[in-house]
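Trainee: below are the sequence and a predicted model; questions follow.
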Amino acid sequence: MAFKIIAYGVEPYEEHLYSELNNYGYELTLVNDLLTADNGDLAKGHDGVLLFVNCLADRANLEKFNEYGIKYVFTRTAGFNHIDLQAASDLGLKVARVPAYSPNAIAELAVYLGTSLLRHTVYTTGRTAKLNFTVTETMFSHEVHKCTVGIVGTGNIGCVEAELYKGLGAKLLGYDIFQSDRAKKLVDFKELDELLAESDIVSLHLPYFPGKNENFVGEEFISKMKDGAILINTARGEIVDEAAVTKAIKSGKLEGFGADVLTDEARFFGKDFSDGSEFPDETIKELIELYPKVLITPHVAAMTDVAVSNMISTSYDNFNAALKGESLGRAEVELPEPAAK
């Protein structure tokens, strides 16, 4: 009997890839909606669950899966903070992820956001779209090859971004606790304060550790940045204090902010508030309204043909390895000890 997988958060335009890459003959149920408090019951009758970013894999849903006999709760993302790991451990569930799918996808978006803000292209094209072809002072811009780009977090994604900016002639600085040989060939490592003081663009590629680095980028961090610098976040929203960024944009301390992630973004990403319905976070709404100095994309960095294909195929490999009792290596998520009963 075929192993049955239910995948949540599958966009219609991705569905064909799930079939085309299904080399193991899994029986698939594809759900367009993310996992929420209301649709966990769709997993009944399946053997494994495959999640996406912003799925609600809280204790209630995990307990439901456990009742259904599901022992594999995997995510096709690198991050896994949407899964209650303590609950998974208590219930004896196995959790896996896709540690790397396409660093280029995220790095390219980070560069696009940074260079767009540097050259004010969104501001400019917004005017010409309205048939206004006059030139303003705002269109007077810097050139990338004369800029310094500081990359905070020089893992695979940070290194790819460094390669891209290096191709444009920029000076590259880096900050990371672990300084890989690859990164050393691309960036000049600095202490964080030095990087912030010297960089025209600061790009974040840090993992998010709940309870440890929330609001890593706050007023103190921003105060150390170069006046008129640009901040880019394609990592996780929780590491940035959006209120501090809003204040810095309004004061002119920051020239621009680009992000593919926001704090507690499941509240609004994937939803449409353009009809005037109430937005759930006034602070973030105020930030978004600073467009075009603020450019926000709804967590789409990994929405490329290469990245999505790699997410799916690696997830299938993870299920196959788990079923065979083989090691999942870096894909396996380490769980805490079960809570004492």
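Mentor: Cool, got the structure.
Trainee: was I right about Leu186 contacting Glu163?
Mentor: Yes - counting by Cβ atoms under 8 Å, Leu186 touches Glu163, with 6.4 Å between them. The C-beta positions use only the backbone N, C-alpha and C, and glycine is treated the same way.
Trainee: what is the longest helix of the chain by residue count?
Mentor: Ordering each helix of the chain by length in residues (DSSP state H) puts helix 305-324 first.
Trainee: looking at this, Tyr101 is in a helix?
Mentor: No - counting by DSSP: H, G, I helix; E, B strand; the rest coil, Tyr101 is not found in a helix; it is coil.
Trainee: ok, the residue lying closest to it once chain neighbours are set aside - contacts?
Mentor: Nearest residue to Tyr101, sequence neighbours excluded (Cβ to Cβ, 6 or more residues apart in numbering): Asn310, at 3.9 Å. By Cβ atoms under 8 Å, 6 or more residues apart in numbering, the contact set of Asn310 is Val98, Ala100, Tyr101, Ser102.
Trainee: low-confidence stretches in this structure?
Mentor: 341 (pLDDT under 70).
Trainee: okay, now the domains of it?
Mentor: As given by automatic domain parsing, the domain ranges for the chain are 4-101+304-331, 103-296.
Trainee: redo those domains as a markdown table? Include distance to Pro338.
Mentor: Listed next are the domains of the chain as a markdown table, based on distance: least, Cβ to Cβ, whole Å:
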| stretch | distance to Pro338 |
| --- | --- |
| domain 4-101+304-331 | 5 |
| domain 103-296 | 19 |
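Trainee: among those domains, which comes closest to Ala339?
Mentor: Among the domains of the chain, domain 4-101+304-331 comes nearest to Ala339, with 5.4 Å by Cβ to Cβ.
Trainee: how far does that closest one sit from its chain's centre?
Mentor: Averaging C-alpha positions (Cα atoms, centre = their mean, to the nearest Å) puts domain 4-101+304-331 17 Å from its chain's average.
Trainee: now swap in stretch 323-338 and tell me
Mentor: With Cα atoms, centre = their mean, you get 23 Å for stretch 323-338.
Trainee: let's number from 16 now, not from 1
Mentor: Let's use 16 as the start, then, which means that last one is stretch 338-353.
Trainee: buried stuff in it?
Mentor: For stretch 338-353, the buried set under the neighbour-count rule, 16 or more other Cβ atoms under 10 Å, comprises Leu343, Ala346, Glu347, Val348, Leu350.
Trainee: need the max-distance pair from those residues.
Mentor: Most distant of the buried residues of stretch 338-353, by Cβ to Cβ, are Ala346 and Leu350, 13.6 Å apart.
Trainee: can you give me the helices for this structure?
Mentor: Going by DSSP H, the chain shows helices at 30-35, 74-82, 100-106, 118-134, 136-143, 171-182, 196-199, 207-213, 234-238, 257-266, 297-303, 320-339.
Trainee: which stretch among those helices comes nearest Val159?
Mentor: helix 118-134 (6.1 Å).
Trainee: and that closest one with helix 320-339, angle?
Mentor: Counting by axes from the mean of the first three to the mean of the last three Cα atoms, to 10 degrees, helix 118-134 lies at 150 degrees to helix 320-339.
Trainee: which other helices and strands does helix 118-134 contact?
Mentor: helix 171-182, strand 216-219, strand 244-248, strand 269-274, strand 309-311, helix 320-339 (3 or more Cβ pairs under 8 Å, 6 or more residues apart in numbering; DSSP states H and E).
Trainee: give me the buried positions along the longest one.
Mentor: Translated: helix 320-339. The neighbour-count check on helix 320-339 (16+ other Cβ under 10 Å) flags 322-334, 336-337 as buried.
Trainee: just flag the most distant two among those residues.
Mentor: Farthest apart among those by Cβ to Cβ are Ala322 and Ala337. That separation is 22.4 Å.
Trainee: I figured Ser328 hits Asn37, correct?
Mentor: No - with contact defined as Cβ under 8 Å, Ser328 does not reach Asn37; the gap is 9.3 Å.
Trainee: circling back: redo the buried residues of stretch 338-353 as TSV? Include distance to Asp242.
Mentor: Converted to TSV, the buried residues of stretch 338-353 look like this (distance: Cβ to Cβ, whole Å):
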residue	distance to Asp242
Leu343	47
Ala346	43
Glu347	45
Val348	41
Leu350	45
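Trainee: filter these down to the ones in strands?
Mentor: The members of the buried residues of stretch 338-353 all map outside strands under DSSP state E.
Trainee: tell me the one of those residues nearest Ala274?
Mentor: Ranked by distance to Ala274 (Cβ to Cβ), the buried residues of stretch 338-353 are led by Val348 at 25.3 Å.
Trainee: check the gap between that closest one and Gly55 for me.
Mentor: Distance, Val348 to Gly55, using Cβ to Cβ, to the nearest Å: 20 Å.
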